[in-house]
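Following is a predicted model, sequence given first.
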Amino acid sequence: MKIPQWRPTGRRSKPADSPASRANWSLRRRLLLAVMGTSIGLWLISLSIVVGVAWFATSDVFDDALEEGSHLVLQLTAQGESVAGEALSPRAGRGDALRLRMYYQIVAPDGRVLARGDDTPEAAFLSGVQHEKTVTVWAADEFWRVHVRPAPGGITAQVAQPMEERMELLEDMAEKLVWPALGLLVMLGLLSWLLIRRLLQPLEDAVRRINAKSPHDLMPVQTPDAPRELQTILDALNALLARLAIALDSERRFTADAAHELRTPLAALRMRVQLIERELTLPTAHLQQLRADLDRCTTLVESLLALARLEPQAAAPAQETVDLNAVLDELDLETLAPHMRIERALAVPQMKAAPALLSSALRNLIDNAVRYGHRNGRVRIESAPLPQGGTRLAIRDDGMGVPSEQRARLGERFFRVLGTGQTGNGLGLSIVARIAALHGASLHFEDGLDGRGLSVVLDFPAN
């Protein structure tokens, strides 16, 4: 019995194979990208702010130096002395970073340049200015920062610095700031990765505990010191496990009740048919058919109950070393196949398996081989080692066989090959397939003995 899956109504769900359901994304990666993306953005903003503040601060210092330089130019000019470019440089106490050369002009009221320093443009920076100010102008194909200081007689002292030199100074400052900031950013990324990994450790612990669950262990998942967000998920999961445990218990009770309620009336009915046959002088065909139908129903019930017991099992059963000859002796092959010739070719007489399950699989396979074979036919039970380790177990017969195009469906529940003239319920190979899956073995089909019949081959892995 399978528990039907509950689906929410009133809301359209996504198909199981939609792109969103197939997407495999990492919460750790997204958290790291979010933290690092935000950090890099704030890093760029803070770097821009630092560079901007440094630019305005140095600009004020340079503007003050231009103002002092213009005052010095006027004093030296009034004394009749020449002005050297080095004399206009800031004092040594201001540091090498502020040592930018300044260029000066003495400009007449009509705009003529009366005196100028070396490499200073011949044309006046500004003309007709008779008040003190500091401005940025375009002269000699570049931008200049100029301070104008008027003097008696209408002349002005104009001291300037190329803006390109100021920008070079700013770039040098930014370069010195970038590398330490990049180093801190790398450290931030490493620390973020370590912290996120540690903070998500309870989630990984919960995953390990959930993966350890099986239909036989539906106790609540306990994760000590789980965060509040994870605890809500675990609470919901534990509630689901509790409901699932109740459902599985109900299924097991149903299986047990069915075993009792179905076996008893069938056995009683078969006994009554036998009593009726004894009272009659000659058994009628109807009574014989009734007894055959009862036997078929009994076999069907036994097979369904076997599948019901095997279905809840998810973990591999406990395995031990099994003696194949002993298992076959317990099956009583003479009774199981009275008109068949059973051959044993056990190159590997012992193998690792669950004894009860292996015996059930062999019983079903031999019963199928006998049922679909012919009178006085052959059935060979083989075991051989596999090249990669493990054991190959095969049951081969020389009966009517199964067409190759229908072999892929063998093992499906209630599937039977038509035209065989044999009764059956189509569950024998389903039981064998389930037992093989529990052992991690592969099941496939080949031709039988002498190119006829069918071979059922089980490849058990090495343990």
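Yes, it's here. It should be emphasised that the depicted structure is a prediction, and the values quoted were computed from it without experimental measurement.

C-alpha from now on. contacts and neighbour counts both.
Noted.

And the helices in the chain, which stretches?
Ranges of helices within the chain are 19-22, 27-78, 163-199, 201-211, 228-279, 285-310, 324-331, 333-336, 355-371, 428-439, based on DSSP state H.

Excluding chain neighbours, what is closest to residue 349?
residue 324 (5.5 Å; C-alpha to C-alpha, 6 or more residues apart in numbering).

which regions of the stretch 301-450 of the chain sit below the pLDDT cut-off?
Applying pLDDT under 70 to the stretch 301-450 of the chain picks out residues 301-317, 403-409, 411-428.

averaging pLDDT over each of the helices of the chain, which comes out lowest?
Among those, helix 19-22 carries the lowest mean pLDDT, a mean of 45.

before we move on, back to that, redo the helices of the chain as JSON lines? Include mean neighbour count.
Putting the helices of the chain into JSON lines (neighbours: other C-alpha atoms under 10 Å) gives the following:
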{"stretch": "helix 19-22", "mean neighbour count": "10"}
{"stretch": "helix 27-78", "mean neighbour count": "16"}
{"stretch": "helix 163-199", "mean neighbour count": "14"}
{"stretch": "helix 201-211", "mean neighbour count": "14"}
{"stretch": "helix 228-279", "mean neighbour count": "14"}
{"stretch": "helix 285-310", "mean neighbour count": "16"}
{"stretch": "helix 324-331", "mean neighbour count": "14"}
{"stretch": "helix 333-336", "mean neighbour count": "12"}
{"stretch": "helix 355-371", "mean neighbour count": "19"}
{"stretch": "helix 428-439", "mean neighbour count": "22"}
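
Tell me which of those helices sits nearest to residue 149.
With C-alpha to C-alpha as the criterion, residue 149 lies closest to helix 27-78 of those, at 6.2 Å.

If you count contacts, what does that closest one end up packed against?
Secondary-structure packing of helix 27-78 (3 or more C-alpha pairs under 8 Å, 6 or more residues apart in numbering; DSSP states H and E): strand 142-150, strand 156-162, helix 163-199.

so which of the ones you listed comes closest to residue 333?
Nearest to residue 333 among the helices and strands packed on helix 27-78 is helix 163-199; the distance by C-alpha to C-alpha comes to 61.0 Å.

Identify the spatial nearest neighbour of residue 162, chain neighbours not counted.
Counting by C-alpha to C-alpha, 6+ apart, residue 162 lies nearest to residue 144, which is 4.5 Å off, once chain neighbours are set aside.

Pop the domain breakdown of the chain in here.
Segmentation of the chain into domains, based on automatic domain parsing, reads 44-178, 208-315, 316-460.

Surely residue 125 and residue 141 touch.
No: judged on C-alpha atoms under 8 Å, residue 125 makes no contact with residue 141 at a distance of 11.8 Å.

Does residue 103 touch residue 161 like I think?
Yes: contact criterion C-alpha under 8 Å: residue 103 and residue 161 qualify, at 6.3 Å.

More neighbours: the two, which one.
A direct count of neighbours by other C-alpha atoms under 10 Å for residue 103 and residue 161 places residue 103 higher, at 26 against 22.

closest one to residue 153 among the helices of the chain?
Ranking the helices of the chain by proximity to residue 153 (C-alpha to C-alpha) places helix 27-78 first, at 11.7 Å.

What sits closest to residue 445 if chain neighbours are left out?
Closest residue to residue 445 apart from its sequence neighbours, by C-alpha to C-alpha, 6+ apart: residue 456 at 4.9 Å.

check contacts around that neighbour.
Contacts of residue 456 were listed using C-alpha atoms under 8 Å, 6 or more residues apart in numbering, and they are 365, 394-396, 443-446.

Distance to residue 177 for these - can I get that in TSV?
Shown next, in TSV, are the contacts of residue 456 (distance: C-alpha to C-alpha, whole Å):
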residue	distance to residue 177
365	80
394	76
395	79
396	81
443	68
444	70
445	73
446	75
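
Before I go, just wanted to say thanks for your time.
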